[in-house]
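In: fold the following.
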Amino acid sequence: MEPDPKTTAQDETCNAIQAENDRFETLSTFPDMWRRFCPQNVADDPVLGALRGFLEDPDTIAVLDRCDAQERYPDAVISGMKARGLSDLFTGVDGGKPTATAYHLSALNLLTSRANASLAITVGVNTLALLPAYRGASATQLDTILRHVSRGEFCALALSELENGSDLSRNASYFESGRLTASGSFQGCNDDHVQTHYRLFARKQLINGAMKHPLQFLLLRDGSGQSGPGKTPRPQPTQTMFWLRTADTQGALRWKTGPVRAADISSVELDGVLVEADQQFGPVGQGFKLIKHSLAISRGGVCALSVGVLARAFDLALAYATRRQVKGAAIASFGVIGRHLCDMDAMMRVATAVSLRATAWVNATGERAAPYTAVAKYLGCRLAEEGVTEGRHILGARALLRDLPYERLTQDVLLFGVFDGTSHLMLDELQTILSIETRRSTSGTLAAADTLETTRAVYCEPPQSLVQAGRIDMTLHPSGLVSGAMGLARLSDDIALDRITRLAQALIGICSEAKTQGKWHHDQALRFALAEAYACLDASLALAEIFDPNLRHHLMDNAVSPLASDDAGYRHAMAWIGGRACSILLTCLAETGLTPFPIAGSQKSVFDDLTHMFRDLRQGQDERRKTLAVELCDQVMRPLAEPGHFAGN
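Out: Alright, predicted model coming up:
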């Protein structure tokens, strides 16, 4: 019998696709950078371990891939995660140790986003939605909410409205205070003694989990005494938080998205829904403040999501570059491919560093970590996008094929930059922080010794429940950029930190000069560019704290077993991020016409000094890249030749 040509062609196509996928195979035991360098050891947590094994199972990945292709919510995988204790990470204490901690939940974000971004935001939104309750709910309310969560119910946070976007102060959704009459009808009133119910009117859009997640948390303004949908909001209206169950809501629309195609991005509509008074939590009229506190914490978690996608992209690109051969040589040996790999490694280290530092500060100080979570949110998401693009250059056309694993990353990575505040909002926050630091620069900063003592206290704080961290009143405060750089430079023999200190001083000088010349107030683009330079320099300090072995010895107790690539990778990353900051400052001086003012105590202009520093930072980068590229590829190839080499890492 003659073989069916059509069937034969289909088989050949399937074999070709499988052969291409084999080139992307990564090792499940390949050491995870975030876990290895985490200041607190959460890798041995049994729930995280069980979830990691489940999410790295090829069968699980296949199910997630099908859900994305079919735009279908990943119910089966979520059920599997719940069976392995997922809910405990949001609610519980295991063996006397808290599990609903910043470290545990950031690690969860990393695990899920490495597996699948649709799954990541579907699971990650639970932390985001619960943060206002962790901080603002009464003990009785929180106990009730967490009982629902412990039964496996997922949460959604309904903040945004399509008409107002991220400007929550303009939200039109509202509530009315009142009581039920003897006939069961609602009667509006503002008397706390007789008030028993609220009536809710809302139209919230682009809400993650609005249809599928039973627990809803809503931010609504006070509309008591007024009626009718679509009323014009009062200027800066007071807003209040509520929680309710899905049975009380009406999901009206699911939005189709380019990234995270399996996620439930939909709407919540309430038209006079009645809830009892105890479903309002936190101080009445302080809901907006409660959300600001929550976002200050959650943004560090979004960075962990970005790190997970970037780690997946790096793993795939590195595995492919070592297996793909051209003219008998792996393409990883080509100079330009090695450059892409090394720069991806630098982005990985910077994003990992700002994520870990933000997590540590949230764990120790709660919302006082806001400057560090803003840097992590902005730079982590930005570098994830750039890193995925670097990998796309390595893969060429294979990065665009939907039958191969990389294509989805090119779509999914775009989500995180707009999640929990856009990049523009983060730059706006960072320019405010920079402006305050510039204003304070003439009045002195924290002493270097105080800075280091605070930093060590933060990194050595054991993991604590976010319920506690969200309400904590610590005396620890983030240090200034210049004082932080000076403190680290005193402890380290790395000359790069001296250069970072000088760059930080130059940044403050440029900001001061921009204010003096009247350019700061009138030029938002300049403020945002300088804010980006601030983020890069601040990230270089996090990079040193996390990856410099000498500094780790002084700042934290958790030892690290280094890989051969760690030293070269750290030095390349420090020069890479420092050079980026230096380039931004030079561009600002050149484009805005700011006078290249002299450095204090010197005849040399800041422009000349920055030019020399840029050359110093970049000097030797090509040699560092060559060394690092060889070591990175060796880390992939050696386990293939020696099975079990990385077992237990």
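
In: now the strands for the stretch 51-200 of the chain?
Out: 93-94, 97-98, 155-158, 174-180, 186-188, 197-208 (DSSP state E, counting those that start in this stretch).

In: sheet-wise, list the partners of the last one with their directions.
Out: Each strand paired with strand 197-208, and its direction, by DSSP bridges: strand 174-180 (antiparallel), strand 265-276 (antiparallel).

In: contacts only, for Y103.
Out: Contact analysis of Y103 by Cβ atoms under 8 Å, 6 or more residues apart in numbering lists C38, Q40, V42, T359, N363, P463. To be clear about C-beta, it is placed using only N, CA and C from the backbone, and glycine gets the same treatment.

In: where does it land on pLDDT?
Out: If you check Y103, the pLDDT there is 95.

In: so it versus L383, what's the distance?
Out: As for Y103, its distance to L383 is 21 Å (criterion: Cβ to Cβ, to the nearest Å).

In: next one: S441
Out: S441 is 28 Å from L383, by Cβ to Cβ.

In: ok, these two, which is more surrounded?
Out: L383 (26 against 18; other Cβ atoms under 10 Å).

In: so the more buried one sits in a strand?
Out: No. Judged by DSSP: H, G, I helix; E, B strand; the rest coil, L383 forms no part of a strand; its state is helix.

In: low-confidence ranges in the stretch 251-400 of the chain?
Out: 251-252 (pLDDT under 70).

In: which SSE is immediately downstream of the helix or strand hosting A581?
Out: Take DSSP states H and E as the rule and A581 turns out to sit in helix 564-592. Sequence order places helix 606-618 as the next helix or strand after helix 564-592, per DSSP H and E.

In: give me the residues contacting the helix or strand following that next one.
Out: Next along the chain after helix 606-618, taking DSSP H and E as the criterion, comes helix 621-641. With contact meaning Cβ under 8 Å, 6+ apart, helix 621-641 is reached by 27, 29-30, 318-319, 321-322, 330, 332-333, 338-339, 341-342, 345, 563-565, 568-569, 571-572, 575-576, 579, 645-646.

In: switch to 7 Å and redo it
Out: Identification of contacts with helix 621-641 by Cβ atoms under 7 Å, 6 or more residues apart in numbering yields 27, 318-319, 322, 332, 338-339, 341-342, 345, 563-565, 568-569, 571-572, 575, 645-646.

In: over to stretch 425-440?
Out: With Cβ under 7 Å, 6+ apart as the criterion, stretch 425-440 contacts 166, 371, 374-375, 377-378, 480-481, 508, 511-512, 527-528, 530-532, 534-535.

In: picking up where we left off before, out of the strands paired with strand 197-208, nearest to T112?
Out: strand 265-276 (16.4 Å; Cβ to Cβ).

In: mind listing what's buried in that closest one?
Out: I265, S266, S267, V268, E269, L270, V273, L274, V275 (16 or more other Cβ atoms under 10 Å).

In: okay, the residues you listed in JSON lines with distance to F288 next?
Out: Converted to JSON lines, these look like this (distance: Cβ to Cβ, whole Å):
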{"residue": "I265", "distance to F288": "23"}
{"residue": "S266", "distance to F288": "24"}
{"residue": "S267", "distance to F288": "21"}
{"residue": "V268", "distance to F288": "18"}
{"residue": "E269", "distance to F288": "22"}
{"residue": "L270", "distance to F288": "19"}
{"residue": "V273", "distance to F288": "21"}
{"residue": "L274", "distance to F288": "24"}
{"residue": "V275", "distance to F288": "20"}
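
In: identify the farthest-apart pair in the residues you listed.
Out: I265 and L274 (27.4 Å).

In: next SSE after the host helix or strand of L503?
Out: In the assignment (DSSP H and E), L503 maps to helix 495-516. Next along the chain after helix 495-516, taking DSSP H and E as the criterion, comes helix 519-522.

In: which elements pack onto the next helix or strand after that following helix?
Out: As assigned by DSSP H and E, the chain's next helix or strand after helix 519-522 is helix 524-547. On a contact count with 3 or more Cβ pairs under 7 Å, 6 or more residues apart in numbering; DSSP states H and E, helix 524-547 meets helix 335-365, helix 370-395, helix 423-440, helix 481-491, helix 495-516, helix 519-522, helix 549-555, helix 564-592.

In: ok, which of those comes nearest A69?
Out: Taking the helices and strands packed on helix 524-547 one by one with Cβ to Cβ, helix 370-395 is closest: 19.6 Å.

In: who are the packing partners of the closest one?
Out: Against helix 370-395 (3+ Cβ pairs under 7 Å, 6+ apart) you get helix 287-323, helix 335-365, helix 407-412, helix 423-440, helix 524-547.

In: tell me which residues in it are buried?
Out: 370-388, 390-392, 394-395.

In: now it against helix 481-491, angle please.
Out: Orientation of helix 370-395 against helix 481-491 (axes from the mean of the first three to the mean of the last three Cα atoms, to 10 degrees) gives an angle of 70 degrees.

In: show me how far helix 370-395 is from its chain's centre.
Out: 9 Å (Cα atoms, centre = their mean, to the nearest Å).

In: relative to helix 423-440, how tilted is that helix?
Out: Going by the same axes, to 10 degrees, helix 370-395 makes 130 degrees with helix 423-440.

In: contacting residues around stretch 498-509?
Out: Counting by Cβ under 7 Å, 6+ apart, residues outside stretch 498-509 touching it are 437-438, 441, 481-482, 485-486, 489, 530, 533-534, 537, 540, 578, 581-582, 585, 597, 606, 609-610, 613, 616-617.

In: buried among those residues? Make that a ChimeraX selection.
Out: Selection of buried members from the contacts of stretch 498-509 for ChimeraX, criterion 16+ other Cβ under 10 Å:
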select :437,438,441,481,482,485,486,489,530,533,534,537,540,578,581,582,585,597,606,609,610,613,616,617
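
In: show me how the chain divides into domains.
Out: Taking automatic domain parsing as the reference, the chain has its domains at 154-281, 423-640.

In: relative to V63, which of the ones you listed is closest?
Out: Short answer: domain 154-281, nearest of the domains of the chain by Cβ to Cβ, at 10.1 Å.

In: stretch 165-179 spans what distance, first to last residue?
Out: Distance across stretch 165-179, first residue to last, is 33 Å (Cα to Cα, to the nearest Å).

In: buried set for it?
Out: L168, R170, N171, A172, S173, Y174, F175, E176, S177, G178, R179.

In: neighbours around N550, how many?
Out: 12.

In: S492 is in contact with that one, correct?
Out: Yes. Between N550 and S492 there is a contact at 5.6 Å, judged by Cβ atoms under 7 Å.

In: my guess is L537 contacts L481. True?
Out: Yes. Assessed by Cβ under 7 Å, L537 is found in contact with L481 at 6.1 Å.

In: what about I510, how many residues nearby?
Out: When neighbours are defined as other Cβ under 10 Å, I510 has 26 of them.

In: helices and strands of the protein: which one bottoms out on pLDDT?
Out: In the chain, the helix or strand scored least confidently by mean pLDDT, DSSP states H and E is strand 93-94, which has a mean of 58.

In: contacts for stretch 178-190, please.
Out: E176, S177, V194, Q195, T196, H197, R199, S224, G225, L274.

In: let's see 10 Å
Out: Contacting residues not belonging to stretch 178-190 are listed as 176-177, 191, 193-199, 222-227, 272, 274, 276-277 [Cβ atoms under 10 Å, 6 or more residues apart in numbering].

In: no more questions from me, cheers.
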